[in-house]
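Participant: pasting the structure only:
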């Protein structure tokens, strides 16, 4: 009974302290970071975003650091602001402009994600894999690893840095292909081509081994949706010559056949659903990437 009385007294004491302290809170909520107090003088980056993305496509970009936009259990660094304009300019040149050329501005205004969040590093997962981008509900895209992005004309550029450039656009094309099939689903027959070969252990399979099973990459083995968007994104970024060379180098004829079936379904989907000539888009995309790195 004595212990209960002691506990009750302690509880009332703490409650009393809290009730007194709440009246001592003063100041404006706008002074608290993240609650309306984060302001800066708009500069060249903001002007470029407004003129080239916001006005024509209703797209906003958050490049100032905001941990609430990221995963709280990951260590992610902010983007280097010197990389923001080169990245966004390249994104417009390689992705937006080429889709507009094959469709129109209305298409991109309708389907382009309306909010981009930029991060400097990749997001590492517990299984040793990394997340390079995320599309959330077709409205928001998180782009990671900006600080490794280098193109011709930037300080520290090396020809071999083309890998990081291609990786960036692979991520964007991958996530946008998700948005497209979330609006209009690809043919269900696609899922039957590699039925029985999808696995959650894709990260233990090399890309070369995945090719021999009829997949364009190891990650394509994770799920049919990922298989479809990996086909679209890698064919766009790497180009038709690369794809043909890769398929022809596969020893297993059944694997070759599966990749050709998937290629045909992706090409037909873009044509039948979106009235997009996939091979023309592919040529434009590959040429734009080459112009950035050579």
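Facilitator: Happy to help now that I have it. Small disclaimer: the values here were computed from a predicted structure and weren't measured.
Participant: does residue 141 sit in a helix or strand, and which one?
Facilitator: strand 140-143 (DSSP states H and E).
Participant: immediately after that strand, which helix or strand?
Facilitator: helix 162-183.
Participant: average pLDDT for that next one, rounded please.
Facilitator: Throughout helix 162-183, pLDDT has a mean value of 86.
Participant: which elements pack onto it?
Facilitator: Using 3 or more Cβ pairs under 8 Å, 6 or more residues apart in numbering; DSSP states H and E as the contact definition, the elements that helix 162-183 packs against are helix 81-91, helix 105-111, strand 133-136, strand 140-143, helix 224-238, helix 253-274, helix 278-293. Every C-beta, even on glycine, is put in place using the N, C-alpha and C of the backbone.
Participant: what's the average pLDDT for the strand holding residue 141?
Facilitator: 82.
Participant: ok now that strand, how far from the chain's centre?
Facilitator: Here strand 140-143 is found 5 Å from its chain centre; the criterion is Cα atoms, centre = their mean, to the nearest Å.
Participant: how about stretch 141-152?
Facilitator: 11 Å.
Participant: and stretch 199-216, by the same measure?
Facilitator: Using Cα atoms, centre = their mean, the mean C-alpha position of stretch 199-216 is found 21 Å from that of the whole chain.
Participant: end to end, how far does that stretch reach?
Facilitator: The distance separating the two terminal residues of stretch 199-216, taken as Cα to Cα, to the nearest Å, comes to 14 Å.
Participant: check which residues of it are buried.
Facilitator: Neighbour-count burial for stretch 199-216 flags 202, 205, 210-216 (criterion: 16 or more other Cβ atoms under 10 Å).
Participant: returning to what we had before: so which elements touch the strand holding residue 141?
Facilitator: Under the contact criterion of 3+ Cβ pairs under 8 Å, 6+ apart, strand 140-143 touches strand 115-118, strand 133-136, helix 162-183.
Participant: mind putting these in TSV, distance to residue 78 and mean neighbour count included?
Facilitator: Listed next are the helices and strands packed on strand 140-143 as TSV, based on distance: least, Cβ to Cβ, whole Å; neighbours: other Cβ atoms under 10 Å:
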stretch	distance to residue 78	mean neighbour count
strand 115-118	9	20
strand 133-136	17	18
helix 162-183	17	20
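Participant: make a markdown table out of those and add distance to residue 246.
Facilitator: Conversion of the helices and strands packed on strand 140-143 to a markdown table gives the following (distance: least, Cβ to Cβ, whole Å):
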| stretch | distance to residue 246 |
| --- | --- |
| strand 115-118 | 31 |
| strand 133-136 | 23 |
| helix 162-183 | 14 |
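Participant: tell me which of those sits nearest to residue 48.
Facilitator: Closest to residue 48 of these is strand 115-118 (Cβ to Cβ; 13.1 Å).
Participant: what residues does the closest one touch?
Facilitator: Contact partners of strand 115-118, identified using Cβ atoms under 8 Å, 6 or more residues apart in numbering, comprise 59-63, 66, 69-70, 79, 84, 87, 139-143, 146.
Participant: pretty sure residue 263 contacts residue 246?
Facilitator: No. Counting by Cβ atoms under 8 Å, residue 263 does not reach residue 246; the two are 11.0 Å apart.
Participant: what do those two both touch?
Facilitator: Looking at what touches both residue 263 and residue 246 (by Cβ under 8 Å, 6+ apart), there is no common residue.
Participant: least confident of the helices and strands packed on helix 162-183, on average?
Facilitator: strand 133-136 (a mean of 60).
Participant: and residue 140, bridged to which residues?
Facilitator: Beta-bridge partners for residue 140, by DSSP bridges, are residue 115, residue 136.
Participant: please tell me how far it sits from residue 172.
Facilitator: Taking Cβ to Cβ, to the nearest Å as the measure, residue 140 and residue 172 are separated by 13 Å.
Participant: and for residue 259?
Facilitator: The span separating residue 259 from residue 172 equals 23 Å under the rule Cβ to Cβ.
Participant: quick one: secondary structure of residue 244?
Facilitator: Recorded secondary structure, residue 244: helix (DSSP: H, G, I helix; E, B strand; the rest coil).
Participant: and for it, the neighbour number?
Facilitator: A total of 12 residues lie near residue 244 under the criterion other Cβ atoms under 10 Å.
Participant: buried stuff in stretch 105-122?
Facilitator: Burial within stretch 105-122, assessed by neighbour count using 16+ other Cβ under 10 Å, is assigned to 108, 111-113, 116-122.
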